[in-house]
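Colleague: any chance you can model this:
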Amino acid sequence: MKHSYSIRAMQLVATLACALCVQAHAAAILNGGFEAAFSNWTRADQVGSEGTFALQTGTLSPVTLTPVPAPPQGLFAAMTDAEGPGSHVLYQDFLVTAPVTANTTLSFSLFVGNRATAFSAPPTLDFGTPTLNQQARVDIMTTAADPFSLAAADVLQNLFRTLPGDPLVSGYNTMTVDVTALLNAHLNETLRLRFAEVDNVNLFQFGVDNVSFSSGPSGTVAEPSSWILALSALLGLASMRRRRSPPGVTARHGR
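Modeller: Numbers count the residues shown, from 1 in each chain. Just a heads-up that it's a prediction; the model follows:
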């Protein structure tokens, strides 16, 4: 059949484009490496707090200049730091636009720098509580909730939290959490990814970097640059097949 290779190649291009677009856009976090500062992110600090999430670069914390690891990706990470107590939240809302495949995960790199002698984890992000409160956590929650809420109805899935007995200083460590069931249960809804840190005992640096979703059996999702290259290669193949068949010539198979 005339141009059969070209047609087949174009069909493969279309199929691949559809599959990859569905995977890549089921849910997405933008600027997960903080190379565009806090674009796409929202910062919230409890009234009366000192400090906030700031950009970290190099090997010193943003405010107290405490030694910390360098950002694991690129030049920047987000990090809480302050001379006094406070409660700080960093969040991004994202839309679940399509059913996600098995093994869909959310990954992020965290640095935990608790300068107190222990973690204290009461069920609140209020630094003004009379009890000791020295903790960090990561949650997916509803967008209708107060950014500082820990109510069971507001927190849909806890992805990470510090607990008494944990190492006081660690990281940057990469955490990977399966969120397949959660995302599929909230199709076409906007959810909120929250990073939170509260301290009323001593200094606490909480660093965040490398935030992204990934999908598929291998736990990876094609980044835009990857699937654009793949599509370009297939389009080039189709173009080459067309050029090999002069006008008016029909490819023959057998006699």
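
Colleague: how is the protein divided into domains?
Modeller: Structural domains annotated on the chain: 1-26+219-255, 29-214, as defined by automatic domain parsing.

Colleague: could these be laid out in TSV, adding mean pLDDT and mean neighbour count?
Modeller: C-beta coordinates here come from the backbone N, C-alpha and C atoms, glycine included. As requested, those are arranged in TSV below (pLDDT from 0 to 100; neighbours: other CB atoms under 10 Å):
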stretch	mean pLDDT	mean neighbour count
domain 1-26+219-255	44	13
domain 29-214	97	18
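
Colleague: am I right that residue 139 is in a strand?
Modeller: Yes - counting by DSSP: H, G, I helix; E, B strand; the rest coil, residue 139 is part of a strand.

Colleague: pretty sure it contacts residue 157?
Modeller: Yes - under the criterion of CB atoms under 8 Å, residue 139 lies in contact with residue 157, with a separation of 6.9 Å.

Colleague: tell me the bridge partners for residue 120.
Modeller: Note on residue 120: beta-bridge partners residue 134, judged by DSSP bridges.

Colleague: how close does it sit to residue 162?
Modeller: Distance from residue 120 to residue 162, counting by CB to CB, to the nearest Å: 9 Å.

Colleague: what residues are shared contacts of those two?
Modeller: Taking CB atoms under 8 Å, 6 or more residues apart in numbering as the criterion, residue 120 and residue 162 both touch residue 135.

Colleague: tell me which residues touch residue 128, please.
Modeller: 46, 48, 200.

Colleague: how about residue 195?
Modeller: Taking CB under 8 Å, 6+ apart as the criterion, residue 195 is in contact with 53, 78, 89, 90, 91, 108, 136, 137, 138, 206, 208.

Colleague: quick one: classify the nearest residue to it once chain neighbours are set aside as helix, strand or coil.
Modeller: Setting aside the residues directly before and after it, residue 195 is nearest to residue 90 in space (CB to CB, 6 or more residues apart in numbering), at 4.6 Å. At residue 90 the chain is in strand, as set by three-state DSSP.

Colleague: where's residue 90 relative to residue 106, distance?
Modeller: Note on residue 90: its distance to residue 106, by CB to CB, is 15 Å.

Colleague: mind checking the end-to-end distance for stretch 195-208?
Modeller: Using CA to CA, to the nearest Å, the gap from the first to the last residue of stretch 195-208 comes to 8 Å.

Colleague: quick one, strands of the stretch 151-255 of the chain?
Modeller: Counting by DSSP state E, counting those that start in this stretch, one finds strands in the stretch 151-255 of the chain at the ranges 155-161, 169-178, 190-199, 204-214.

Colleague: and the shortest one, which strands flank it?
Modeller: Right, strand 155-161. The partner list of strand 155-161 in its sheet, established with DSSP bridges, is strand 134-142 (antiparallel).

Colleague: go on, the third one?
Modeller: Next to strand 190-199 in the sheet, as set by DSSP bridges, lie strand 86-95 (antiparallel), strand 134-142 (antiparallel).

Colleague: and the angle from that strand to strand 204-214?
Modeller: Comparing the axes of strand 190-199 and strand 204-214 via axes from the mean of the first three to the mean of the last three CA atoms, to 10 degrees yields an angle of 160 degrees.

Colleague: show me what residue 161 is bridged to.
Modeller: Under the criterion used (DSSP bridges), residue 161 bridges to residue 137.

Colleague: contacts only, for it.
Modeller: Contact analysis of residue 161 by CB under 8 Å, 6+ apart lists 121, 135, 136, 137, 138.

Colleague: distance to residue 181 for those - can I get that in JSON lines?
Modeller: What follows is the contacts of residue 161, written out as JSON lines (distance: CB to CB, whole Å):
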{"residue": "121", "distance to residue 181": "25"}
{"residue": "135", "distance to residue 181": "26"}
{"residue": "136", "distance to residue 181": "24"}
{"residue": "137", "distance to residue 181": "20"}
{"residue": "138", "distance to residue 181": "17"}
